[in-house]
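**Student:** Got a predicted structure here, sequence first:
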Amino acid sequence: MSPFLFVSNGPPVSLAIIFIIVNLVAIKSKKFEGMHATKRISYGTVYFPLAYLILCLFWWERQIIFQIALLLLTFADTAAAIVGEGVRNPESYRPWRDQKTIQGTIVMALTSALLTGLGTTLFRSLAGMEPLELQLLVPLSLFVAAMATIAEAVSDSGSDNLSIPIVTAVTYDLFFESVGNGGVAVLIMWILLSFIMAQGAFSLRVLTSDGALAAFVLGVFVFGIGGWKFMIPLAVFFVLSSLLSRIGKKSKKDQRQSFGKGSERDMVQVYANGGIPLILTIWWLYNPSDIIYFAYLSSVVAATADTWATEIGFFSPYVPRDIVTFRKVDSGASGGVTFLGSVGGLLGATVIAASAWFFILDVKVLYLVVAVGFAANVFDSILGATVQASYTCGGCSKRVEVAHHCDEPATLISGSRFINNDTVNLFCTLSGGTIILLMG
């Protein structure tokens, strides 16, 4: 009800910031535990005002979306929690980190669909707008409910208090953007394509179950918002990189395991590579421009260059060298580079840029995107060699890149324990997109 109670979003924004700070301090200092006490560690009381802040900043003038986003969090999420905790014989599953129940998830989906449909009808009436036609209202309600339910299912430590309202708001806008660009059938096509690609990667054991779910959501938003010009570069990266990872899988698996890396990408790894392209796509939804698309393309190019450099570099006949010290390092170690791997990274960058040729038709821009993406890959290697955490395993005495190895804690020997390979990959794609934005 905030848009009806306040003339501007200034007071709500201020209150949200205050509650974020107060609740975070309370959790860290273990004060006022009754506000956030649960059976597990939860930052839900911080995520909720953060979500409210984001809604106030970006959806304040769009009251229907604002209200529905908060309705789903307030009632649908609560109903799911009550049923999940109260049912006598719950059927539990773990889509990511938090354990959920089938019964709670079903209630979340049904309640979300009902609230979206009724809320849309009610708030449009209050705003003096024409009722939404049933052939649009039903798929809108189902689509928003499905995405909000996924957001609730893949939560961690109360993160659904943030993800549910934001995913709901973006999904609501995505629906009408897709309908305007081809109708409900086009949106269904993107959903099916995203599912097929995610399921295929899971079947080939390229992605874990949670990684496949993350890839599906990523595809729905990127393909649904951006259409072919966004879909083709990301699909080329996804398909070719997956196939490339299958070549020499056995030898790669042995080397990856010595550094605590698995051959299957999980949810965190999917978003470490695709999170920045996703954010840029959502930005483009609200502010379409060439520079944002170039930044999106550059971030995908950076992810591809990094992935291909690693996958192809495994086959180098020469020992990798640290990009900073030029000392020999073990194959697969972060920060290690080879000539073959560098050529592979440049090839990957070129392939992605070429896949966008028909949407840009400017060879100078493509050259720039390739150069920036490859430079981001080099930056990735420098971060891997300098600030990424490196450990010694107490069990096998090998150098590893995870804090636990051989079922026991490893000893930090260099870098920061707060920066791992996923963090470095995120900075890689972020740098690729940021450079283009700064140049624009």
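**Tutor:** Right, received. Where do you want to start?
**Student:** ok, and the closest non-adjacent residue to F223?
**Tutor:** W190 (4.0 Å; C-beta to C-beta, 6 or more residues apart in numbering). Heads up, the C-betas are built off the backbone N, CA and C, glycines and all.
**Student:** Now the helix or strand where that neighbour lies: buried residues?
**Tutor:** For W190, the host element (DSSP states H and E) is helix 184-203. The neighbour-count check on helix 184-203 (16 or more other C-beta atoms under 10 Å) flags 184, 186-187, 190-191, 193-194, 197-198, 200-202 as buried.
**Student:** and after the lowest-mean-pLDDT helix or strand in the chain, which helix or strand comes next?
**Tutor:** Between all helices and strands in the chain, the lowest mean by mean pLDDT, DSSP states H and E belongs to helix 33-36, at a mean of 52. Heading C-terminal from helix 33-36, the first helix or strand you meet, by DSSP H and E, is helix 44-58.
**Student:** neighbouring contacts of that following helix?
**Tutor:** Contacts with helix 44-58, where a contact means C-beta atoms under 8 Å, 6 or more residues apart in numbering, come from 2, 9, 12-13, 15-17, 19-20, 23-24, 26-27, 35-36, 38, 66, 69-70, 73, 157-162, 164-166, 169, 286.
**Student:** Just the CA trace of stretch 68-87, in CSV.
**Tutor:** Taking Å, rounded to 0.1, in the frame of the first residue of the first chain, the C-alpha atoms of stretch 68-87 are listed here in CSV:
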residue,chain,number,x,y,z
ILE,A,68,1.6,-8.0,-6.7
ALA,A,69,5.3,-8.5,-6.0
LEU,A,70,4.8,-7.8,-2.3
LEU,A,71,1.5,-9.8,-2.3
LEU,A,72,3.3,-13.0,-3.4
LEU,A,73,6.0,-12.5,-0.8
THR,A,74,3.6,-11.7,2.0
PHE,A,75,1.0,-14.3,1.4
ALA,A,76,2.1,-17.0,-1.1
ASP,A,77,5.5,-17.5,0.6
THR,A,78,3.9,-17.5,4.0
ALA,A,79,1.3,-20.1,3.0
ALA,A,80,4.0,-22.3,1.5
ALA,A,81,6.0,-22.1,4.8
ILE,A,82,2.9,-22.9,6.9
VAL,A,83,2.0,-25.9,4.8
GLY,A,84,5.6,-27.1,4.5
GLU,A,85,6.2,-27.0,8.2
GLY,A,86,2.7,-28.2,9.3
VAL,A,87,2.1,-31.1,7.0
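**Student:** Show me which positions of that stretch end up buried.
**Tutor:** Across stretch 68-87, burial judged by 16+ other C-beta under 10 Å covers 68-73, 76-77, 79-81, 83-84.
**Student:** from those residues, which is closest to V222?
**Tutor:** V222 lies nearest to A69 out of the buried residues of stretch 68-87, by C-beta to C-beta, at 20.8 Å.
**Student:** what's the neighbour count on the closest residue to the closest one other than its chain neighbours?
**Tutor:** On the basis of C-beta to C-beta, 6+ apart, the spatially nearest residue to A69 that is not a chain neighbour turns out to be P165, at 3.9 Å. Residues lying near P165 (other C-beta atoms under 10 Å) number 30.
**Student:** ok, P165 - contacts?
**Tutor:** Taking C-beta under 8 Å, 6+ apart as the test, what P165 contacts is 51-52, 54-55, 69-70, 72-73.
**Student:** cool, and G373?
**Tutor:** Counting by C-beta under 8 Å, 6+ apart, G373 makes contact with 298-302, 304-305, 349, 352-353, 432.
**Student:** how about 6 Å then?
**Tutor:** Neighbouring residues of G373 by C-beta atoms under 6 Å, 6 or more residues apart in numbering: 298, 301-302, 305, 349, 432.
**Student:** element containing it?
**Tutor:** Assigned by DSSP H and E, G373 belongs to helix 363-386.
**Student:** Could you chop the chain up by domain?
**Tutor:** Domain ranges of the chain: 1-180, 225-440, per automatic domain parsing.
**Student:** Where do the helices of the stretch 251-400 of the chain begin and end?
**Tutor:** Using DSSP state H, counting those that start in this stretch, the helices of the stretch 251-400 of the chain run over 267-286, 290-313, 339-355, 357-360, 363-386.
**Student:** Report the inter-axis angle for the third one versus helix 363-386.
**Tutor:** For helix 339-355 and helix 363-386, the angle between their directions (axes from the mean of the first three to the mean of the last three C-alpha atoms, to 10 degrees) works out to 140 degrees.
**Student:** any residues touching helix 339-355, and which ones?
**Tutor:** With C-beta under 6 Å, 6+ apart, helix 339-355 has contacts from 232-233, 236-237, 300-301, 304-305, 308-309, 312-313, 316, 366, 369-370, 373-374, 377.
**Student:** Buried ones among those?
**Tutor:** Buried subset of the contacts of helix 339-355 (neighbour count, 16+ other C-beta under 10 Å): 232-233, 236-237, 300-301, 304-305, 308-309, 312-313, 316, 366, 369-370, 373-374, 377.
**Student:** Please report the confidence value the model assigns to the residue of the chain most remote from its centre.
**Tutor:** In terms of distance from the mean C-alpha position of the chain, G128 ranks first, at 36.7 Å (C-alpha atoms, centre = their mean). Looking at G128, its pLDDT is 93.
**Student:** Next: the one 10 residues further on.
**Tutor:** Taken from the predicted model, the pLDDT recorded for V138 is 97.
**Student:** and D160, what does it touch?
**Tutor:** E152.
**Student:** one more time with 10 Å, if that's ok
**Tutor:** Applying C-beta atoms under 10 Å, 6 or more residues apart in numbering to D160 gives the contacts 44, 47-48, 51, 73, 77, 80-81, 98, 108, 148, 151-154, 167.
**Student:** Return, as residue ranges, the portions of the stretch 251-400 of the chain with sub-threshold pLDDT.
**Tutor:** 251-263 (pLDDT under 70).
**Student:** Sorry, slip of the keys, the one I care about is the stretch 51-200 of the chain.
**Tutor:** The model of the stretch 51-200 of the chain has no residue with pLDDT under 70.
**Student:** Can you show me the strands along it?
**Tutor:** 92-93, 100-101 (DSSP state E, counting those that start in this stretch).
**Student:** Of those strands, flag the one that's most buried.
**Tutor:** Among the strands of the stretch 51-200 of the chain, ranked by average contacts under mean count of other C-beta atoms under 10 Å, first place goes to strand 100-101 (a mean of 21).
**Student:** ok now that one, how far from the chain's centre?
**Tutor:** Taking C-alpha atoms, centre = their mean, to the nearest Å, one finds the center of strand 100-101 at 22 Å from the center of the full chain.
**Student:** what do you get for stretch 87-94?
**Tutor:** With C-alpha atoms, centre = their mean, you get 27 Å for stretch 87-94.
**Student:** Mind picking the two most distant members of the contacts of P165?
**Tutor:** Spanning the widest gap among the contacts of P165 are I54 and L72, at 14.7 Å by C-beta to C-beta.
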